[in-house]
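> I need the structure of the sequence given here:
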Amino acid sequence: MTSAQPGEAEAGRRIAGRYRLVEMLGRGGMGTVWRARDEMLDREVAVKEVLVQAGLSEEERRGVRERTLREARAAARLSHPGIVTVHDVVDEDGRPWIVMELVRARSLAEILAAEGPLPPERVAGIGRQLVAALRAAHAVGILHRDIKPANVLVTDEGRAVLTDFGIARVEGDTALTRTGSLVGSPAYMPPERARGEPAIPASDLWSLGATLYAACEGRPPHDRPDVMAVLAAVMNEDPPPPRRAGPLTPVLSGLLVRDPVRRLTAAQAEEMLARVESGARPVPPPPPQAPPATVPAPQPFPQTVQTVPAGGSSTNLGMLILVGVLTTLVTVLAGILIVQMNSGGGQGGGAVRQQSGQVSGPEQPQPPATGVPAERPSPFPTPTASLLPELQPVSGPGGYRISVPAGWVRSEEGNSVFWRSSWGAYVQVDRTEWSGDPADHWERWERAVIRGNILPGYRRVDLRRPTGLGYDAADLEFTWTRDGIPMRGIDRGTIVNGQPYAVFVAIPQQHWEVNRERVNNILDTFRP
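So this is what the prediction gives:
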């Protein structure tokens with residue numbers, strides 16, 4: 001039994017007057033997990049104590065609480081035997097506590113440490129259950145984003161369960177409002193996430209493939225001596241062919257394809273895993289359909305600052321590794337720009353999010369439902385892209401309205417909605433939680449960007465307060481460089497009726513002057 005540390009609860013304490021903490025099961029960067037007794041329903045449960053780092057401002061502490069509670073409530077919508085059930089979410093003493101199903105099991109990481117590589121048929125059975133769990137989660141727009149052996153529980157009866165579904169976050173970390181942050185374990189992070197792009201359902205499948213590879217081989221597919229080397233390999237190299245996977249090899253190869261468009265689908269993977277589990281050889285799926293000739297341009301990076309929620313791991317609470325701090329260094333090694341910390345990807349000022357259901361905000365959406373391009377388009381600007389199209393009115397979650405260029409492709413990524421051109425320009429509306437004065441918020445965000453070197457070549461152009469809007473707002477105009485292309489954007493932050501918004505418009509610098517008036521028109525059409 002692990003002893004409590006300063007700031008942690010003690011055994012015997014009652015949470016919300018009904019959950020009595022019995023025994024500490026594990027501790028990690030996101031908090032502490034307890035075995036507890038629900039004295040109202042007379043059953044055992046697991047209680048995750050989310051630890052809020054000392055020294056955080058009240059706003060940052062509030063951000064940790066709000067994001068953790070929101071994510072846990074989202075996870076509570078899931079009901080599947082392959083996903084740990086969330087029973088309750090409690091806010092006590094200014095800290096979130098998450099009450100979950102108590103699964104008596106070892107993590108896959110612990111099993112591998114004790115037993116070494118597992119037989120392909122056993123790995124296939126675990127993988128089949130996990131794919132089914134992911135399909136259930138993806139169907140309601142929830143991504144996991146941190147699948148790895150430590151976050152997979154396996155009971156003695158063979159039941160495989162995903163833990164920390166959608167709530168894995170590093171305690172107390174501040175990042176771009178999902179427009180420039182990535183959280184995850186590098187060895188199990190898919191290439192698109194390592195590049196700073198938003199997570200999509202296919203991203204979870206790559207991480208699952210890396211987890212199953214480790215279960216067969218005893219090590220992850222890109223086993224390197226340090227994090228920077230791991231990320232460089234994930235982005236630029238195919239994994240070495242597995243030696244022990246046998247009939248599972250085609251499944252692993254299909255899941256670990258670097259191009260998410262050509263990766264195995266969940267349905268294909270589930271069918272192939274079932275065949276291996278039963279002792280039959282998997283039937284290779286048909287080749288993936290080629291991606292369309294025109295695809296959405298990759299999202300830029302910046303965004304509103306946001307506090308990352310604390311989350312937890314499995315039994316031993318394996319600590320997530322914040323990619324943000326390493327992003328810049330990996331850029332030097334790999335020659336690829338990586339957006340930094342928090343959940344999601346690379347958007348310009350607003351947010352970035354996953355593609356089929358995840359986080360966002362000038363945050364990088366932690367993910368939308370649109371496809372990821374098979375390859376990054378070459379230079380964004382084209383002869384026909386210099387002037388933004390006429391605007392058309394659209395609406396977004398919560399009822400806000402805005403006018404965006406006609407013909408731009410819409411996608412929803414967690415807390416963000418994007419409208420993207422085919423040449424690098426985009427509009428993003430992010431609803432990630434933040435508080436305080438909008439101008440102060442941008443000052444804090446900017447300090448985080450500069451301190452972490454999150455946006456290559458970042459330079460403030462202006463910070464001003466627009467007038468005549470009917471609500472208080474602050475506009476941060478700045479430039480940065482993305483994939484060698486100079487970019488410029490304006491991020492408008494406001495809070496209306498308690499709901500924060502970051503409205504971001506970004507275009508390649510060379511087309512800025514001719515479009516300046518239209519950029520302002522887009523921002524001014526926003527109505528919360």
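
> got a list of what W34 touches?
Residues near W34 by CB atoms under 8 Å, 6 or more residues apart in numbering: A9, A11, L21, V22, E23, M24, L25, A46, V47, K48, E49. For the C-beta atoms, the positions are set from N, CA and C on the backbone; glycine is no exception.

> pick the one among the residues you listed closest to R410.
K48 (35.5 Å; CB to CB).

> my read is the closest one is in a strand, agree?
Yes. Secondary structure assignment places K48 in a strand (DSSP: H, G, I helix; E, B strand; the rest coil).

> nearest spatial neighbour of it, skipping sequence neighbours?
Residue nearest to K48 in three dimensions, not counting chain neighbours: I98, with 4.3 Å by CB to CB, 6 or more residues apart in numbering.

> point out the least confident member of the contacts of W34, please.
Among these, A9 has the lowest pLDDT, at 70.

> measure that one to K48 for me?
Distance, A9 to K48, using CB to CB, to the nearest Å: 11 Å.

> which of the two has more neighbours?
Neighbours per residue (other CB atoms under 10 Å) separate A9 from K48, with K48 holding more: 30 against 20.

> partner residues bridging the more buried one?
Beta-bridge partners of K48, counted by DSSP bridges, are V33, I98.

> these two touch, right, it and R27?
No. If you go by CB atoms under 8 Å, K48 and R27 don't touch, sitting 10.7 Å apart.

> circling back: which of the contacts of W34 sits closest to G470?
Set against G470, the nearest of the contacts of W34 by CB to CB is K48 (41.9 Å).

> which residues touch that closest one?
Listed by CB under 8 Å, 6+ apart, the contact partners of K48 are M30, G31, T32, V33, W34, W97, I98, V99, M100, G312.

> highest neighbour count among those?
Neighbour max across the contacts of K48 (other CB under 10 Å) = G312, 32 neighbours.

> partners of the lengthiest strand in the chain in the sheet?
Looking across the chain with DSSP state E, the single longest strand is strand 485-496. Note on strand 485-496: by DSSP bridges, its sheet partners are strand 473-482 (antiparallel), strand 499-508 (antiparallel).

> so the helix or strand just after the last one versus strand 473-482, what angle?
For strand 499-508, the following helix or strand on the C-terminal side (DSSP states H and E) is helix 512-524. Put simply, helix 512-524 runs at 140 degrees to strand 473-482, going by axes from the mean of the first three to the mean of the last three CA atoms, to 10 degrees.

> chain center to helix 512-524, what's the gap?
Distance, stretch centre to chain centre, for helix 512-524: 30 Å (CA atoms, centre = their mean, to the nearest Å).

> what are the buried residues along it?
W512, N515, R518, V519, I522, L523 (16 or more other CB atoms under 10 Å).

> ok, which stretches of the stretch 201-350 of the chain are helices?
Under the criterion DSSP state H, counting those that start in this stretch, the stretch 201-350 of the chain contains helices at 201-217, 227-236, 249-255, 266-277, 323-334.

> most tightly packed of those?
Across the helices of the stretch 201-350 of the chain, averaging neighbours per residue (mean count of other CB atoms under 10 Å) puts helix 201-217 on top, at a mean of 27.

> is it correct that L130 is in contact with V154?
No. Between L130 and V154 there is no contact under CB under 8 Å: 10.1 Å.

> give me the common contacts of these two.
Contact criterion CB under 8 Å, 6+ apart; residues shared by L130 and V154: A160.

> any regions of the stretch 151-300 of the chain where pLDDT drops low?
By pLDDT under 70, the low-scoring segments of the stretch 151-300 of the chain are 165-184, 281-300.

> just give the number of residues close to the spatially closest residue to A214 that is not a sequence neighbour.
Distances taken as CB to CB, 6+ apart put P220 closest to A214, at 4.8 Å, once the chain neighbours are dropped. Other residues near P220 number 20, with proximity taken as other CB under 10 Å.

> ditto for the one 3 residues further on
Taking other CB under 10 Å as the neighbour definition, D223 ends up with a count of 15.

> now it: how far from A229?
10 Å.

> do A194 as well
12 Å.

> same thing with G209?
According to CB to CB, G209 and A229 sit 20 Å apart.

> per-residue confidence at the residue nearest to E270 when sequence neighbours are not counted?
The spatially closest residue to E270, leaving aside those adjacent along the chain, is V131, at 4.4 Å (CB to CB, 6+ apart). V131 carries a pLDDT value of 97.

> what of D88?
pLDDT for D88: 89.

> R95 too?
79.

> list the contacts for it?
Contacts of R95 (CB under 8 Å, 6+ apart): E49, V50, L51, V52, R65.

> isn't the third one up against T32?
It stands for L51. Yes. Counting by CB under 8 Å, L51 touches T32, with 6.6 Å between them.

> pull stretch 218-237 out as PDB, backbone CA atoms only.
The C-alpha trace of stretch 218-237 is given here as PDB (Å, rounded to 0.1, in the frame of the first residue of the first chain):
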ATOM      1  CA  GLY A 218       7.900  -6.600 -25.700                       C
ATOM      2  CA  ARG A 219       8.800  -3.000 -26.800                       C
ATOM      3  CA  PRO A 220       7.000  -0.200 -28.700                       C
ATOM      4  CA  PRO A 221       7.500   0.000 -32.500                       C
ATOM      5  CA  HIS A 222       9.900   3.000 -32.300                       C
ATOM      6  CA  ASP A 223      12.100   2.100 -29.400                       C
ATOM      7  CA  ARG A 224      14.700   4.800 -29.000                       C
ATOM      8  CA  PRO A 225      16.900   6.100 -26.200                       C
ATOM      9  CA  ASP A 226      15.300   9.500 -25.700                       C
ATOM     10  CA  VAL A 227      12.000  11.200 -26.400                       C
ATOM     11  CA  MET A 228      13.300  13.400 -29.300                       C
ATOM     12  CA  ALA A 229      14.600  10.400 -31.200                       C
ATOM     13  CA  VAL A 230      11.300   8.600 -30.600                       C
ATOM     14  CA  LEU A 231       9.200  11.400 -32.000                       C
ATOM     15  CA  ALA A 232      11.600  11.800 -35.000                       C
ATOM     16  CA  ALA A 233      11.200   8.100 -35.800                       C
ATOM     17  CA  VAL A 234       7.400   8.100 -35.300                       C
ATOM     18  CA  MET A 235       7.100  11.000 -37.800                       C
ATOM     19  CA  ASN A 236       9.600   9.800 -40.400                       C
ATOM     20  CA  GLU A 237      10.100   6.000 -40.200                       C
END
